[in-house]
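S.K.: task: produce atomic coordinates for the following.
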Amino acid sequence: MPATPTPLVDTPDLPAGPADIRLIVTDMDGTLLDDAKRLPEGLWPLLAELRRRGVLFSPASGRQYATLARQFAEVAEGMVFIAENGTYVVRDGVELSSDTLDASVAPRIARTVRRLVADGADVGAVVCGKRAAYVERSDEAFLAEVRTYYVEHRVVADLTAVDDDVIKIALFDFGPAEHSTAPALAEFAGTHQVVVSGEHWVDVMNRTADKGAALRGLQRALGITPAQTMVFGDYLNDLEMLDAADWSFAMAGAHPEVVRRARYLAPSNNDNGVLRTIAHVLGL
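M.R.: I've put the predicted structure just below:
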């Protein structure tokens with residue numbers, strides 16, 4: 001793997017001619033979506049062409065399944081959604097896999113967040129269940145952030161009493177999460193994954209759960225190899241799934257560690273990088 005990813009333009013190490021790609025997996029925020037959270041122009045015709053060619057397109061996101069299904073409602077039939085950072089994988093409304101947290105974890109994190117808030121931190125927790133996402137914090141500034149990623153959400157009086165299969169705990173910090181909230185969760189890092197999934201988001205999941213594990217399970221189920229898999233990502237929660245594909249692309253402007261781990265560099269999310277790269281590699 002090259003130490004520095006190769007830019008999409010003038011890439012002599014990219015094989016010439018259309019590649020045998022059977023599965024395309026892309027992160028959403030900072031990758032497929034532009035900075036205004038918009039899907040790229042030309043996506044629907046491209047997805048129709050991929051379907052015609054027998055190429056499966058799969059969004060892989062920290063977003064909730066219900067949110068992803070709504071965004072792709074026009075083309076959702078047969079699509080695999082890798083939701084909640086790989087903890088919940090669904091196709092046509094049927095669960096393919098999930099990785100639920102022990103019932104004791106959500107209450108412990110909820111209490112940790114309450115202590116952070118009492119100490120002056122501007123942070124809120126989202127307990128992510130299979131049926132819905134649950135929050136205690138009800139101010140509009142926080143809920144506006146929650147609605148972007150969790151269309152099915154409920155404000156509850158006590159996060160320690162949520163009755164659902166919990167697959168992830170997400171924390172939103174109005175400051176830089178990597179340097180504030182993430183260190184405060186050090187006590188969980190020894191037993192769980194504590195992943196910075198965006199500038200303001202930190203996710204806590206089982207050690208066995210990540211986008212890469214979900215992708216490898218999907219590859220096994222479908223008989224698709226890493227050499228037939230193309231992956232796009234931009235942040236730390238994308239690292240493992242980049243490792244599961246020979247055709248791994250970091251977006252221009254991605255987190256430096258993502259750039260180091262990917263084989264290639266794609267144009268940025270604001271420059272229609274995912275669609276341009278797919279067209280280039282598949283010879284569309």
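
S.K.: would you point out the helix or strand in the protein whose mean pLDDT is lowest?
M.R.: One helix or strand of the chain scores below all others by mean pLDDT, DSSP states H and E: helix 181-184, with a mean of 85.

S.K.: which of the residues in the helix or strand just after that one are buried?
M.R.: The element immediately downstream of helix 181-184 (helix or strand, assigned by DSSP states H and E) is helix 186-189. Neighbour-count burial for helix 186-189, with 16 or more other C-beta atoms under 10 Å as criterion, is recorded at residue 188. Backbone N, C-alpha and C define where each C-beta goes, glycine included.

S.K.: who does helix 186-189 touch, helix- and strand-wise?
M.R.: With contacts taken as 3 or more C-beta pairs under 8 Å, 6 or more residues apart in numbering; DSSP states H and E, helix 186-189 sits against helix 105-118.

S.K.: got the CA coordinates for the helix it packs on in CSV?
M.R.: This file holds the C-alpha atoms of helix 105-118, laid out as CSV (Å, rounded to 0.1, in the frame of the first residue of the first chain):
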residue,chain,number,x,y,z
VAL,A,105,-23.6,0.3,29.3
ALA,A,106,-26.2,2.9,28.4
PRO,A,107,-27.0,3.8,32.0
ARG,A,108,-23.3,4.1,32.8
ILE,A,109,-22.7,6.4,29.9
ALA,A,110,-25.8,8.4,30.6
ARG,A,111,-24.5,9.1,34.1
THR,A,112,-21.1,10.0,32.8
VAL,A,113,-22.7,12.6,30.4
ARG,A,114,-24.7,14.0,33.3
ARG,A,115,-21.4,14.6,35.2
LEU,A,116,-19.8,16.2,32.2
VAL,A,117,-22.8,18.6,31.9
ALA,A,118,-22.7,19.4,35.6
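
S.K.: so which bits of that helix are buried?
M.R.: 105, 106, 107, 109, 110, 112, 113, 116.

S.K.: which of these lies closest to residue 172?
M.R.: Using C-beta to C-beta, residue 113 comes nearest to residue 172 of these, at 10.0 Å.

S.K.: show the average pLDDT along stretch 187-198.
M.R.: For stretch 187-198, the mean per-residue pLDDT is 87.

S.K.: endpoint to endpoint, stretch 42-61 covers what distance?
M.R.: End-to-end distance for stretch 42-61: 20 Å, by C-alpha to C-alpha, to the nearest Å.

S.K.: quick one: residues in contact with the helix or strand hosting residue 144.
M.R.: Element membership of residue 144, judged by DSSP H and E, is helix 140-149. When contacts are defined by C-beta atoms under 8 Å, 6 or more residues apart in numbering, helix 140-149 is touched by residues 37, 62-64, 67, 124, 126, 133, 135, 137, 153, 155, 170, 172, 174, 200.

S.K.: from those, which land in helices?
M.R.: Secondary structure from DSSP state H places residue 67 of the contacts of helix 140-149 in helices.

S.K.: filter the contacts of helix 140-149 down to the buried ones.
M.R.: Neighbour counting over these (16+ other C-beta under 10 Å) leaves 62-64, 67, 124, 126, 133, 135, 137, 153, 170, 172, 200 as the buried ones.

S.K.: please produce JSON lines containing those residues, extended by distance to residue 213.
M.R.: JSON lines is the format used below for the buried ones among the contacts of helix 140-149 (distance: C-beta to C-beta, whole Å):
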{"residue": "62", "distance to residue 213": "15"}
{"residue": "63", "distance to residue 213": "18"}
{"residue": "64", "distance to residue 213": "19"}
{"residue": "67", "distance to residue 213": "21"}
{"residue": "124", "distance to residue 213": "27"}
{"residue": "126", "distance to residue 213": "21"}
{"residue": "133", "distance to residue 213": "21"}
{"residue": "135", "distance to residue 213": "27"}
{"residue": "137", "distance to residue 213": "30"}
{"residue": "153", "distance to residue 213": "25"}
{"residue": "170", "distance to residue 213": "18"}
{"residue": "172", "distance to residue 213": "24"}
{"residue": "200", "distance to residue 213": "25"}
